[in-house]
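Q: Got a predicted structure plus its sequence, pasted below:
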Amino acid sequence: MTKGMPTIKEIAKKLNISFSTVSRALHDHPSIGLGTKLKVKKLAEEMGYEPNQTAVFLQQGRTFTIGVILPHLAESFFPAAISGIEEVAIENNYVVLLGQSLDSIEREIMLVESMRKHRVDGLIISMAKNTNSYEHFEKLKINNIPIVFFDCIPNMKDIHTVSCNMISGSIQAVSYLLKKGHRVIGLINGPEKLTASKERLDGYQKALLKNRLKFDPSLVVNSDLTKKGNINALQNILKNKRKVSAIVAFHDNLALDIMQELENINKEHKISIVSYANLPMMPFLKYKPDASVEQFPFLQGKKATEILLDIINNKFKETIENNAFYKIILDSKLIEYD
């Protein structure tokens, strides 16, 4: 049978001293003499002793683990965000525990509960698009586990957030199409309840108003962001009496779906498309949007982690009482592919 890891009791037995003396010596307690400390540490090293991290974490009141819950890793936006998260986490000796909600609220609730049980020090979350209840997030507040939301953010008060300015991005997108001579521009948006969808619509309307064009609500269609939902949304826009010459799409994946469908319908892609995310593969595709709004996922992930670690560290400073909430909004940037 394979022998297990050596314990403090075994070290104590070999040196014929008490368990508590060994424990204090390993932790450099001032009550233990230098000679005893050296003997204990030398034998511990020879035996291959390693401290029980769980016990150490419980003693310190933290696990040096942060949980990250994302909708999915199927597109390059979230892997880029993870890279930003891990860069900051590793620099600060933190481990990242990752889970994918796959845009399912049931799965998201399960992941939140699982990470709570794993005693993560805090969570970074990009909310599932189908989430319509925030009780699982409120429960974390009760347990004093800090959360920083990024990209897809719930409509909750008193939360820490990192996001990109989608109103500005939408104004840039529509203004770009207007400069190209388009006057009938459709918007295929995400689910209505999403903050990101509301911001895109707000920017779309402001850009039209700025250019003295009337807002036509019939040119705005929402999608559940599934492939079927995206195609149905496109078909609804194409049925409109006003023939669109350009479409603003909620994100690049939606743009890819509608461009493929347009190719099937028209044999040739003729409608101009502007979308969001600026996925790295876009410039290399045969059919691609005319432009895409860069949302800086790496920087969002990095900022979210810096905020979370600051909140965690402040929890251990009894003299600090910080009731303020971080709200970081990054500037978006339209990237043209022409």
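A: That came through fine. Numbering: from 1, shown residues only.
Q: Show me where this structure has its strands.
A: 65-70, 95-100, 122-125, 147-150, 160-164, 185-189, 220-222, 246-249, 272-276, 291-294, 327-330, 333-336 (DSSP state E).
Q: Of those strands, which is nearest Ser83?
A: strand 95-100 (10.7 Å; C-beta to C-beta). To be clear about C-beta, it is placed using only N, CA and C from the backbone, and glycine gets the same treatment.
Q: Paired strands for the closest one, with orientation please.
A: Strand 95-100 pairs in its sheet with strand 65-70 (parallel), by DSSP bridges.
Q: Let's have the strands of the chain in JSON lines, adding distance to Gly48, mean pLDDT and mean neighbour count.
A: Below are the strands of the chain laid out as JSON lines (distance: least, C-beta to C-beta, whole Å; pLDDT from 0 to 100; neighbours: other C-beta atoms under 10 Å):
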{"stretch": "strand 65-70", "distance to Gly48": "25", "mean pLDDT": "96", "mean neighbour count": "25"}
{"stretch": "strand 95-100", "distance to Gly48": "22", "mean pLDDT": "96", "mean neighbour count": "17"}
{"stretch": "strand 122-125", "distance to Gly48": "33", "mean pLDDT": "98", "mean neighbour count": "26"}
{"stretch": "strand 147-150", "distance to Gly48": "39", "mean pLDDT": "97", "mean neighbour count": "24"}
{"stretch": "strand 160-164", "distance to Gly48": "42", "mean pLDDT": "96", "mean neighbour count": "24"}
{"stretch": "strand 185-189", "distance to Gly48": "59", "mean pLDDT": "97", "mean neighbour count": "26"}
{"stretch": "strand 220-222", "distance to Gly48": "60", "mean pLDDT": "98", "mean neighbour count": "20"}
{"stretch": "strand 246-249", "distance to Gly48": "58", "mean pLDDT": "97", "mean neighbour count": "27"}
{"stretch": "strand 272-276", "distance to Gly48": "53", "mean pLDDT": "96", "mean neighbour count": "26"}
{"stretch": "strand 291-294", "distance to Gly48": "50", "mean pLDDT": "96", "mean neighbour count": "24"}
{"stretch": "strand 327-330", "distance to Gly48": "45", "mean pLDDT": "96", "mean neighbour count": "15"}
{"stretch": "strand 333-336", "distance to Gly48": "53", "mean pLDDT": "96", "mean neighbour count": "15"}
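Q: Out of the ones you listed, which is closest to Lys239?
A: Lys239 lies closest, by C-beta to C-beta, to one member of those: strand 220-222, at 9.9 Å.
Q: so what does the closest one touch, helix or strand wise?
A: On a contact count with 3 or more C-beta pairs under 8 Å, 6 or more residues apart in numbering; DSSP states H and E, strand 220-222 meets strand 185-189, helix 195-210, helix 227-238.
Q: Which of those sits closest to Arg24?
A: Of those, the one closest to Arg24 (C-beta to C-beta) turns out to be helix 195-210, at 52.9 Å.
Q: Alpha carbons of that closest one, as PDB, please.
A: Coordinates of each C-alpha in helix 195-210 appear next as PDB, following Å, rounded to 0.1, in the frame of the first residue of the first chain:
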ATOM      1  CA  THR A 195     -28.800  45.500 -20.600                       C
ATOM      2  CA  ALA A 196     -26.600  45.100 -23.700                       C
ATOM      3  CA  SER A 197     -29.600  44.900 -25.900                       C
ATOM      4  CA  LYS A 198     -31.100  48.100 -24.400                       C
ATOM      5  CA  GLU A 199     -27.800  49.900 -24.900                       C
ATOM      6  CA  ARG A 200     -27.500  48.900 -28.500                       C
ATOM      7  CA  LEU A 201     -31.100  50.100 -29.200                       C
ATOM      8  CA  ASP A 202     -30.400  53.400 -27.300                       C
ATOM      9  CA  GLY A 203     -27.300  54.000 -29.500                       C
ATOM     10  CA  TYR A 204     -29.100  53.000 -32.700                       C
ATOM     11  CA  GLN A 205     -31.900  55.500 -31.900                       C
ATOM     12  CA  LYS A 206     -29.500  58.300 -30.900                       C
ATOM     13  CA  ALA A 207     -27.500  57.900 -34.100                       C
ATOM     14  CA  LEU A 208     -30.700  58.200 -36.200                       C
ATOM     15  CA  LEU A 209     -31.800  61.200 -34.300                       C
ATOM     16  CA  LYS A 210     -28.400  62.900 -34.600                       C
END
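Q: now for it, which elements pack on it?
A: Where contact means 3+ C-beta pairs under 8 Å, 6+ apart, helix 195-210 is packed against helix 166-179, strand 185-189, strand 220-222.
Q: between those, which gets nearest to Leu334?
A: Closest among the helices and strands packed on helix 195-210, once you apply C-beta to C-beta, is helix 166-179, at 4.1 Å.
Q: ok now do the spatially most central residue of the chain, which residues does it touch?
A: For the chain, the residue nearest the mean C-alpha position is Ser126 (4.0 Å; C-alpha atoms, centre = their mean). Ser126 is in contact with Ile69, Leu70, Pro71, Phe78, Ala81, Phe149, Phe150, Asp151, Cys152, counting by C-beta atoms under 8 Å, 6 or more residues apart in numbering.
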